[in-house]
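Asker: Here's my sequence, what's the structure:
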Amino acid sequence: MGWADYDSRWDIDKRPCIGPGNALALVDEIEVIMNKRIYNKLIEVAKKGTVIYESDVAKIAGMNMGLPHERREMNTQLNEINRYECDLGHPVLSAVVIQKESHMPNIGFFEFCKDIGLLKNEDEDEFYIKELRKVYIYWASH
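Answerer: Model prediction:
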């Protein structure tokens, strides 16, 4: 099925069906590769018990954090990883991703944690330290 033959058929996870020559296939493949690269790097960092700058994660993904739409895309990528990890019962893996200026995660980390009910009326700094410790403890044994 080529791009010109595309119709409204959808696969199970609601993405357009992919076939040879479909431009959407390339976009999906790039996103999967990017997520996997970021995901693997975050696991590596967590296993070492360290952190990584958001700008270094952006380089892995080929993003420029100076561009607002790419900053939003970075948050989307990290939140997809976080959702996956949380669905497995794991701590919020992107806790290892910090900003150079503040040495803290960006606002998207805290918004995600609020959205899923992990962060309620707790001080964000204290919550972050606890979550980062959980990430280190979990990945040290896996």
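
Asker: got the contact list for the residue nearest the centre of the chain?
Answerer: The residue lying closest to the centre of the chain (Cα atoms, centre = their mean) is residue 78, at 1.6 Å. Taking Cβ atoms under 8 Å, 6 or more residues apart in numbering, we find residue 78 in contact with 38, 57, 94, 97, 108, 109, 112. Where C-beta positions appear, they are placed from N, C-alpha and C, glycine not excepted.

Asker: Reformat the residues you listed as TSV; add pLDDT and neighbour count.
Answerer: Formatted as TSV, the contacts of residue 78 follow (pLDDT from 0 to 100; neighbours: other Cβ atoms under 10 Å):
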residue	pLDDT	neighbour count
38	94	24
57	95	23
94	97	31
97	98	25
108	94	19
109	97	26
112	95	20
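
Asker: out of those, who's nearest residue 71?
Answerer: Nearest to residue 71 out of the contacts of residue 78 is residue 108 (Cβ to Cβ; 8.7 Å).

Asker: secondary structure element for the closest one?
Answerer: Following DSSP states H and E, one finds residue 108 within helix 107-115.

Asker: cool, and residue 101?
Answerer: Per DSSP H and E: residue 101 is located in neither a helix nor a strand.

Asker: Looking at the contacts of residue 78, which is nearest residue 83?
Answerer: Distances from residue 83 to the contacts of residue 78, taken as Cβ to Cβ, are shortest for residue 112 (8.2 Å).

Asker: pretty sure the closest one contacts residue 95?
Answerer: No: contact criterion Cβ atoms under 8 Å: residue 112 and residue 95 do not qualify, at 10.5 Å.

Asker: picking up where we left off before, mind pulling up the phi and psi values for the residue nearest to the centre of the chain?
Answerer: With angles defined as degrees, to the nearest 10, residue 78 sits at phi -70, psi -40.

Asker: Now do it against residue 35, distance only.
Answerer: Using Cβ to Cβ, to the nearest Å, one obtains 10 Å as the distance from residue 78 to residue 35.
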